[in-house]
Structures are given as C-alpha cells and as structure tokens.
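*Asks:* Predicted model follows, preceded by the sequence.
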Amino acid sequence: MARIAAGADHAGVQLKDELVAHLRELGHEVVDCGTHDAERVDYPDYGEAVARKVATGEVELGLCVCGTGIGIAMAANKVPGVRAATVHDVTSARLTRQHNDANVICLGERLIGPEAAREALDSFLEATFEEGRHVPRVAKIDALLPTEEAAL
C-alpha cells in the first residue's frame, strides 16, 4: 500500500473526496491537503502542497484534482522532482506511469466521471515505470531548468 497526498481546488473537491475514500478503502494511507469545501480557492496552492509532499518523500505519490486537471498539474510540475500528468482515462493513466514515471496523477472533475476517475487512478497505481528506453527521456525532463533559471 502506498502513502498518497491528495489535493484539489473548489472545482475538484467533490471528486477528490470520492477518490480519497476509494484509496482508503483499498488500504492506502492518504494525506489530504485540502480543500475541504466548495468555497473558491486557488488551484496552485493545492498543486504545490501535494507536489512538495511528493518531492520531499513524505509520500510516494500524489493525486490532484481541479476543474480540468490542467492548471493543478502545471502548478505541481513547478516543484523539482515532480512529474505530474493530467490523465483522462485508464490508458493515459497507465502509460504516464510506465513511460514517464509520473508520480502525481491529475484529473479534471468537469471532464471525467467518478467511475472513470476511479478506474484511471487504479490503473495509475497498478502500473510501474518500465525503465529501459524511457530512462534517458525522464532524465531529460528532470534536467530541465525552471523557467526563471533558463531565462538567465
């Protein structure tokens, strides 16, 4: 069983709560970084909170949810050591773990239903990094400089 951080903004809180309950039913330990209601908040705060827990090793994996899964993934990917991927189905969830060694799954509550989201999350958790030809590619991703450093 994995230790997983979960976070969402107001547009993703309902799906996040459903997925957290699902993870706990499966026996995973979940660190819920919020938010906990539908009051408007900013997705970068929750993407960062989840990503920092992943990057420091406090948890093995992260789950982020916002309206589309895109904005929160962009925020999470700003944290070094995090490879967050927005997924829409079982196949994209599996492949991002197998080929990209993603450690944070991002979903959009407005784009995916709860059943499809659970199936995608399960696929993400069951998949493992294939290594091989993917290792140098992931290393290139990890070696990219943050935007402000690259501009100097």
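*Replies:* Ah, there it is.
*Asks:* all contacts plus neighbour counts: C-alpha atoms, from now on.
*Replies:* Fine.
*Asks:* Pull the number of nearby residues for residue 26.
*Replies:* When neighbours are counted by other C-alpha atoms under 10 Å, residue 26 registers 12.
*Asks:* From residue 5, how far off is it?
*Replies:* 15 Å (C-alpha to C-alpha, to the nearest Å).
*Asks:* How about residue 58?
*Replies:* Distance, residue 58 to residue 5, by C-alpha to C-alpha: 9 Å.
*Asks:* neighbour count winner among those two?
*Replies:* For residue 58 and residue 5, the more surrounded residue by other C-alpha under 10 Å is residue 5, and the numbers stand at 26 against 14.
*Asks:* Can you list the residue ranges for strands in this protein?
*Replies:* Ranges of strands in the chain, per DSSP state E, are 3-8, 29-32, 61-66, 84-86, 104-108.
*Asks:* Would you mind saying which of these lies nearest residue 123?
*Replies:* Proximity to residue 123 (C-alpha to C-alpha) singles out strand 104-108 among these, at 10.6 Å.
*Asks:* Contacts for the closest one, please.
*Replies:* Strand 104-108 is contacted from outside by 12, 51, 54, 61-70, 72-73, 82-88, 93, 117, 121, 124, using C-alpha atoms under 8 Å, 6 or more residues apart in numbering.
*Asks:* Check the offset of it from the chain's centre.
*Replies:* 4 Å (C-alpha atoms, centre = their mean, to the nearest Å).
*Asks:* burial of residue 122, as a residue count?
*Replies:* By the measure other C-alpha under 10 Å, the count of residues near residue 122 is 18.
*Asks:* tell me the pLDDT at it?
*Replies:* Looking at residue 122, its pLDDT stands at 98.
*Asks:* Next, the contact list for the residue lying closest to residue 42 once chain neighbours are set aside, please.
*Replies:* Of all residues not flanking residue 42 in the chain, residue 9 sits nearest, at 6.2 Å (C-alpha to C-alpha, 6 or more residues apart in numbering). Residue 9 makes contacts with 34, 35, 38, 40, 41, 42, 43, 46, 65, 66, as judged by C-alpha under 8 Å, 6+ apart.
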